[in-house]
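>>> Here is the input, now give the coordinates:
(2 chains)
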There are 2 protein chains.
Amino acid sequence: MTQQTRVPETESAPGNQHVSEAQQNVEEQLVRNVLRSFEDCQDPRLKQLMQSLVTHLHNFIRDVRLTEAEWNKAIEFLTAVGHITDDRRQEFILLSDVFGASMQTINVNNEAVGDATEATVFGPFFVDDAPRIENGGDIAGAAPGEPCWIEGSVKDTDGNPVPNARIEVWEADEDGFYDVQYDDHRVSGRAHLYSDEDGNYRFWGLTPTPYP
Amino acid sequence: MTQQTRVPETESAPGNQHVSEAQQNVEEQLVRNVLRSFEDCQDPRLKQLMQSLVTHLHNFIRDVRLTEAEWNKAIEFLTAVGHITDDRRQEFILLSDVFGASMQTINVNNEAVGDATEATVFGPFFVDDAPRIENGGDIAGAAPGEPCWIEGSVKDTDGNPVPNARIEVWEADEDGFYDVQYDDHRVSGRAHLYSDEDGNYRFWGLTPTPYP
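Next up, the predicted model:
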């Protein structure tokens, strides 16, 4: 166990090395004022989140010496992201994905242990309550595609088999679409099953193809 | 001139001191991967902005050990901010104001010099092309309120008078409203004037009252 280290900050803006002491004082005093504005927050975790976010956000603005035109562009961009987001299209999540923020959130909540398989984001096409199949069954349903046999085993971090582990499977058909992308309420390429007493699982699925 | 210093980071989440080396490696590798995804960006400034933003955003997530529920709340919050924003109401700018990001952007673009008056945000009620008045004139127009005499002088950072400096003035009426908040296209409580040959200015305005 060691203290958390940092990925080195990206190279600073050229202007950053020439910030006068008076200017630094103004910038730091502003950060202190904003931090103080959250001081009375009754929820200690919310207070911590807001104060940390403020600190990092200001470090970003100061590091890159953000221009007013760039700030304006950012506001316009976020506004467009907001307006394009509706019940079927969530652009803020896609933005979070692009910045790796979704994956980093998963990371910090799923401790890495040895060479255990890493946790990852569920992605937009996971649906809860997929039908159950028996070990060795077929998840494809009526989905078109080339059949593919999949087998493997679930082991704990000491290498011992994990019996009765729930396995969720969802995949696209040969046209690259998931069942929920069709309007006909089909359920295909999607199931859950349980590992057997030796931690093994096996099922028929579809040979993956590229997304359209 | 000195290197830019930092406001101390807010206290880390309790879990932060107990991040294993394996876990740190996973988190740092992810940051590197995301930074690399912007490596081929053709616009060097955009590349710098994106890579710096990624670094600071990930430092925030890692510092506070952001939970998946908190990430979800943040996505929901940004979605609501996006949906409430329209042509007359810009909640992303208000959000930027609350975090001090607007003011810090102004700060980094307007170097502090001695005890010169600080630059500040224009705010939502500035309008370009306000009418001109002569020095000593009245900015109130037909706005209701108690008259108020204002005078002062414009000096450069060496204390020398600045003649012919353009001064923009805009203020609310005694009901706390700016002219643009009325639907009748009135122009009042708003003007520009120029300092005289000695750098002095003077005009009639309205005694400020609290906003509603």
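>>> can I see the domain layout of chain A?
Split into domains by automatic domain parsing, chain A comes to A:19-66, A:125-212.
>>> The helix or strand containing residue A:76 and chain B in contact?
Element membership of residue A:76 [criterion: DSSP states H and E] is helix A:68-84. Yes. Shown here: helix A:68-84 in contact with chain B (CB under 8 Å from any CB of the partner chain) through A:68, A:70-71, A:75, A:78-79, A:81-83. C-beta coordinates here come from the backbone N, C-alpha and C atoms, glycine included.
>>> Quick check: mean pLDDT of the helix or strand just after that helix?
Sequence order places helix A:91-98 as the next helix or strand after helix A:68-84, per DSSP H and E. The average pLDDT within helix A:91-98 is 95.
>>> Distance of residue A:114 relative to residue B:90?
Distance of residue A:114 to residue B:90, given as CB to CB, to the nearest Å: 49 Å.
>>> Compare the two (neighbour count), which wins?
It is residue B:90, of residue A:114 and residue B:90, that has more neighbours when counted by other CB atoms under 10 Å in any protein chain shown, with 16 against 8.
>>> Might one say that the more buried one is in contact with residue A:78?
No. Using CB atoms under 8 Å as the test, residue B:90 is too far from residue A:78 to be in contact (10.2 Å).
>>> For the residue of chain A found nearest chain B, which non-adjacent residue is closest in space?
Residue nearest to chain B within chain A: residue A:82 (1.7 Å; CB to the nearest CB). Distances taken as CB to CB, 6 or more residues apart in numbering or on different chains place residue B:82 nearest to residue A:82, at 1.7 Å, with adjacent residues excluded.
>>> Just give me the neighbour total for that neighbour.
Residues lying near residue B:82 (other CB under 10 Å) number 20.
>>> what pairs with residue A:202 across the strands?
Taking DSSP bridges, one obtains residue A:151 as the residues bridged to residue A:202.
>>> thought it was touching residue A:135?
Yes. Taking contacts as CB under 8 Å, residue A:202 lies within contact range of residue A:135: 6.0 Å.
>>> Out of the domains of chain A, which is the most enclosed?
Among the domains of chain A, domain A:19-66 has the highest mean neighbour count (mean count of other CB atoms under 10 Å in any protein chain shown), at a mean of 18.
>>> Between the two ends of it, how far is it?
14 Å (CA to CA, to the nearest Å).
>>> close to chain B, is it?
Yes. Using CB under 8 Å from any CB, we find that domain A:19-66 touches chain B at A:19-28, A:30-35, A:48-49, A:51-66.
>>> so of those, which ones are in helices?
Mapping the residues of domain A:19-66 next to chain B onto helices (DSSP state H) picks out A:21-28, A:30-35, A:48-49, A:51-64.
>>> For the most centrally placed residue in chain A, give me its contacts.
The residue lying closest to the centre of chain A (CA atoms, centre = their mean) is residue A:102, at 2.4 Å. Neighbouring residues of residue A:102 by CB atoms under 8 Å, 6 or more residues apart in numbering or on different chains: A:93, A:96, A:121, B:71.
>>> Look up phi and psi at residue A:185.
phi 60, psi 20 (degrees, to the nearest 10).
>>> try the one 3 residues further on
Residue A:188 has phi and psi values of phi -160, psi 150 when expressed as degrees, to the nearest 10.
>>> Check whether it really touches residue A:138, as I assumed.
No. At 10.1 Å, residue A:188 does not count as touching residue A:138 under the criterion of CB under 8 Å.
>>> So, low pLDDT: which residues of chain A?
For chain A, residues meeting the criterion pLDDT under 70 lie at A:1-17.
>>> where does residue A:127 land in three-state SS?
Counting by DSSP: H, G, I helix; E, B strand; the rest coil, the backbone at residue A:127 sits in coil.
>>> Ignoring the adjacent residues along the chain, who's closest to it?
For residue A:127, ignoring the flanking residues on the chain, the nearest one in space by CB to CB, 6+ apart is residue A:180 at 6.1 Å.
>>> can you tell me which residues contact the residue nearest to residue A:82?
Shown in contact with residue B:82 (CB under 8 Å, 6+ apart): A:78-79, A:81-83, A:85, A:92, B:92.
>>> Kindly provide the distance from it to residue B:90.
11 Å.
>>> what's near enough to touch residue A:58?
Residues near residue A:58 by CB under 8 Å, 6+ apart: A:27, A:30-31, A:34, B:7, B:100-101, B:104.
>>> Farthest-apart pair in those, please.
B:7 and B:101 (14.3 Å; CB to CB).
>>> returning to that earlier point: ok, the contacts of residue A:58 vs residue A:169, which is closest?
Looking across these and measuring by CB to CB, the closest to residue A:169 is residue B:101, at 43.3 Å.
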